[in-house]
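# Pasting a predicted model and its sequence here:
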There are 2 protein chains.
Amino acid sequence: MSRTYSIRDLADEFDITTRTIRFYETEGMLNPQREGQARIYSAQDRVTLKLILRGKRLGLSLAESRELIAMYRPGLEPEANRPQLEKLLAVIEQRRSHLRQQLHDIERMMQDLDDAELKASEALAALTGA
Amino acid sequence: MSRTYSIRDLADEFDITTRTIRFYETEGMLNPQREGQARIYSAQDRVTLKLILRGKRLGLSLAESRELIAMYRPGLEPEANRPQLEKLLAVIEQRRSHLRQQLHDIERMMQDLDDAELKASEALAALTGA
DNA sequence: ACTCAGGTTTACGTTAACGTAAAGGTAACT
DNA sequence: AGTTACCTTTACGTTAACGTAAACCTGAGT
């Protein structure tokens, strides 16, 4: 009996448009229930949306996010045959290595920003002093 | 007298197409010298390309990368008037906060992957055992 | 009954970041 | 001279991820 959400609730919470949410649905990422013709989202739907947006922030395509989300939910039936599972583990490791690369990139960029900030504030100080 | 690179050198090194490199040039991100009609890239150009690709891995648009790269090279003349510099510092802080968000997202996603991996290998073990 | 603020479907439009193909230049090898 | 292997410019094509507009429904308030 957990809470439900209107399309506007979610749009406002995550600062996206309703169009975006409907688009994700046509892409098969969301399957809200209907109350009449209006969409009614569950807590589960909300989590899914959250995952999509997180993936987006990390530069994943929708297709990639779909894969990740699917793997995160093995479904109710353990339809987990071995090749499936092994492929899954491989995908996980690959994704993890991608994240490691991003981590590295972030560190470097932070460093660059430090440098840039230093230069900028020095230049500003010089102006102020002069 | 530092080393120079052909378009193919760079394409191979960074695993992109020559089309991509030329595209970045039309977008004003690169300005290689010419030897006849062939492009000849400096170490500086190579660094710029590296920055572009790093930005791309972090989900930046080309326009955003251009901004970052421009801010990273204040140019030869300190055309740095105050509003410019202040805006620069603001942009830096904003970018930094974006990176922090990404860091957070990465941690969460790593955690999710840990969970998924655990589940998957458990399921696999169950199969093997059965 | 009327309005009005939301929701809905359908469909065409848009932007970024290249892909791909056509047509040709050029240096080097055979 | 011919072929090969790059390079070049020019230009149209493509895909993802929505934006935007039109036309319609619908429950709540007056």
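Sure, I can see it. Numbering: from 1, shown residues only, chains lettered A, B, ... in the order given.

# Helices of chain A, residue ranges please.
A:7-14, A:18-26, A:43-57, A:62-72, A:82-129 (DSSP state H).

# is chain B contacted by the helix or strand bottoming out on mean pLDDT in chain A?
Of all the helices and strands that make up chain A, the one with the lowest confidence by mean pLDDT, DSSP states H and E is helix A:82-129; it has a mean of 85. Yes. For helix A:82-129, a contact with chain B is found by C-beta under 8 Å from any C-beta of the partner chain, at A:82, A:85-86, A:88-89, A:92, A:95-96, A:99, A:101-103, A:105-106, A:108-110, A:112-113, A:115-117, A:119-121, A:123-124, A:127. Just so you know, the C-beta spots here come from the backbone N, C-alpha and C atoms, and that holds for glycine as well.

# Run through the residues that contact the residue in chain A positioned nearest to DNA strand C.
As assessed by C-beta to the nearest atom of the strand, DNA strand C sits closest to A:Arg8 within chain A, at 2.8 Å. Contacts for A:Arg8 (C-beta atoms under 8 Å, 6 or more residues apart in numbering or on different chains) come out as A:Thr18.

# per-domain residue ranges of chain A.
Following automatic domain parsing, chain A resolves into domains at A:1-60, A:74-130.

# can you list those in TSV and add distance to B:Asn31?
Putting the domains of chain A into TSV (distance: least, C-beta to C-beta, whole Å) gives the following:
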stretch	distance to B:Asn31
domain A:1-60	27
domain A:74-130	21
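
# middle-most residue in chain A, spatially?
A:Arg54 (1.9 Å; C-alpha atoms, centre = their mean).

# Tell me who's in contact with the nearest residue to that one once chain neighbours are set aside.
Leaving aside its chain neighbours, A:Arg54 sits nearest to B:Asp105 (5.1 Å; criterion: C-beta to C-beta, 6 or more residues apart in numbering or on different chains). Listed by C-beta under 8 Å, 6+ apart, the contact set of B:Asp105 reads A:54, A:57-58.
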